[in-house]
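Visitor: turn this into a structure:
(one chain, ligands or ions: 2)
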Amino acid sequence: MKFAVLGAGSWGTALAMQLSRNEPTVLWGRNKAGMDAMQESRSNEQYLPGIKFPEKLIIEADLQQAIEQSDAVLVVCPSHAFGDILQQVKPLLGERPLAWASKGFEPGTGRFLHEVADEILGDSVPMALVTGPSFAKDVAMNKPTLVAVASVAKYQDFAKQVSLALRSDNFKAYISEDLMGAELGGAVKNVLALATGIADGMDLGDNTRAALMTRGMAEMMRLGEALGCKPETLMGLSGLGDLVLTSTGDLSRNRRMGLALGRGQTIEEAKKTIGQVVEGIGTTDEVMRLAQKYHVEMPITEHVWKVVHDEMTTVEALSALMGRELKPEFD
Ligand SMILES: NC(=O)C1=CN([C@@H]2O[C@H](COP(=O)(O)OP(=O)(O)OC[C@H]3O[C@@H](n4cnc5c(N)ncnc54)[C@H](OP(=O)(O)O)[C@@H]3O)[C@@H](O)[C@H]2O)C=CC1
Ligand SMILES: O=C(CO)COP(=O)(O)O
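Guide: Ligands and ions are numbered 1, 2, ... in the order given. Below you'll find the predicted structure:
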């Protein structure tokens with residue numbers, strides 16, 4: 001199956017490189033000059049400097065051409081651009097199935113990206129999500145990586161095709177039928193990576209990081225239960241796996257944003273330094289929206305929200321979390 005990967009940032013480029021280790025793969029990005037530069041250097045110097053493309057990677061700056069050359073589409077844009085991109089893709093898609101690898105919700109509504117896709121494309125288009133612990137740089141450098149490919153039950157055949165297309169000696173994608181659970185894990189972990197980053201930026205130590213990851217995981221599980229997600233999905237690659245990666249790995253943009261906030265920088269200052277999408281900032285609003293709608297207690301998320309919205313300093317947030325009423329660990 002030949003894919004058109006839409007989105008030539010770090011993750012779109014890395015996934016297109018991975019697919020093109022097997023079959024010819026088309027990579028489309030919105031910036032024509034940037035695509036020309038990639039074709040010239042056979043690398044993405046802006047997002048993955050110094051890492052050469054496989055021979056079978058085809059660079060294409062025209063969206064229609066990119067899709068027409070392909071059997072399936074993989075969208076890898078920031079979550080805030082997902083709906084826009086799908087609107088552009090819709091008239092060009094034909095019978096092709098569509099996967100995505102973005103992590104987050106529709107801004108302003110808290111809708112899952114599969115809900116956005118269902119509304120725009122209709123549920124007769126086979127769809128799947130690629131998610132899990134996977135830094136773009138490591139995949140681009142062909143380091144061993146495990147992810148999950150999730151779809152609803154009726155589109156498991158497409159999930160298997162996506163998994164096979166990605167498969168190589170150093171890359172394996174497990175199949176899952178819990179699309180919502182996989183989406184939830186990949187989004188909530190970004191908020192928790194902010195929390196652990198903040199703590200590390202404040203130099204609070206290893207105990208604090210372990211506490212935030214564990215109690216953060218409990219928040220993810222409570223929200224997942226309220227939404228009807230499978231607990232094992234959240235304990236798997238797309239939840240716990242990605243939480244561990246982004247709460248401890250300094251390649252994580254969300255963790256780096258947290259580190260900057262913990263050291264007293266502003267969001268705008270940190271965004272400039274990071275220079276890439278930091279999904280957790282917007283996702284914090286949407287996770288809070290879901291927590292309120294489903295009456296789920298998520299104190300770590302709530303305090304990240306307060307820090308992000310300047311309602312509390314990091315020191316006040318820490319003190320408020322530590323001062324919470326004592327209660328059983330599991331209730
Ligand atoms: N990087 C990683 O390791 C991983 C990322 N992800 C997820 O993948 C998604 C994409 O992130 P990533 O590639 O890392 O982000 P980057 O910041 O590396 O790149 C973002 C890309 O999206 C493009 N873009 C930004 N806004 C729009 C828009 N409105 N319409 C169309 N394209 C747009 C940018 O184009 P331009 O350069 O022209 O601004 C750029 O090509 C996110 O949801 C992220 O959470 C998931 C797993 C791993
Ligand atoms: O989702 C990711 C790895 O699985 C990337 O995390 P960041 O967006 O925090 O860099």
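Visitor: mind listing the helices for the stretch 201-331 of the chain?
Guide: 206-227, 231-234, 242-248, 253-262, 267-274, 279-293, 299-308, 314-322 (DSSP state H, counting those that start in this stretch).
Visitor: what does the stretch 101-250 of the chain put close to ligand 2?
Guide: Residues of the stretch 101-250 of the chain lying near ligand 2 by CB under 6 Å from any ligand atom: Lys103, Pro133, Ser134, Phe135, Asn190, Ala193, Asp242, Leu245, Thr246. C-beta: built from backbone N, CA, C; applies to glycine.
Visitor: domains for this protein, by residue range?
Guide: The chain is divided into the following domains under the TED database: 3-177, 180-323.
Visitor: and the pLDDT at Ser20?
Guide: Model confidence at Ser20, given as pLDDT, is 98.
Visitor: residue contacts, it?
Guide: Phe53, Pro54, Glu55, Lys56, Leu57, Ile58 (CB atoms under 8 Å, 6 or more residues apart in numbering).
Visitor: how about 6 Å then?
Guide: Pro54, Lys56, Leu57 (CB atoms under 6 Å, 6 or more residues apart in numbering).
Visitor: redo the domains of the chain as JSON lines? Include distance to ligand 1.
Guide: Output for these, formatted as JSON lines (distance: least, CB to the nearest ligand atom, whole Å):
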{"stretch": "domain 3-177", "distance to ligand 1": "2"}
{"stretch": "domain 180-323", "distance to ligand 1": "3"}
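Visitor: for those domains, give me CSV that also has distance to Asp331.
Guide: Shown next, in CSV, are these (distance: least, CB to CB, whole Å):
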stretch, distance to Asp331
domain 3-177, 25
domain 180-323, 10
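Visitor: three-state assignment of the most centrally placed residue in the chain?
Guide: For the chain, the residue sitting closest to the mean C-alpha position, by CA atoms, centre = their mean, is Lys103 at 2.8 Å. Here Lys103 takes the coil state, with states given by DSSP: H, G, I helix; E, B strand; the rest coil.
Visitor: now do the contacts for it.
Guide: Lys103 neighbours (CB under 6 Å, 6+ apart): Gly186, Ala187, Glu279.
Visitor: and the last one, what pLDDT?
Guide: The score at Glu279 is 98. That number is its pLDDT.
Visitor: wait, it sits on Gly104?
Guide: Yes: with contact defined as CB atoms under 6 Å, Glu279 and Gly104 form a contacting pair (4.5 Å).
Visitor: just the strands in this structure please.
Guide: 3-6, 25-28, 57-60, 72-75, 98-100, 127-131, 145-150, 171-176 (DSSP state E).
Visitor: run through who's touching the second one.
Guide: Strand 25-28 is contacted from outside by 3-6, 8, 16, 19, 57-60, 63, 66, 69-70, using CB under 6 Å, 6+ apart.
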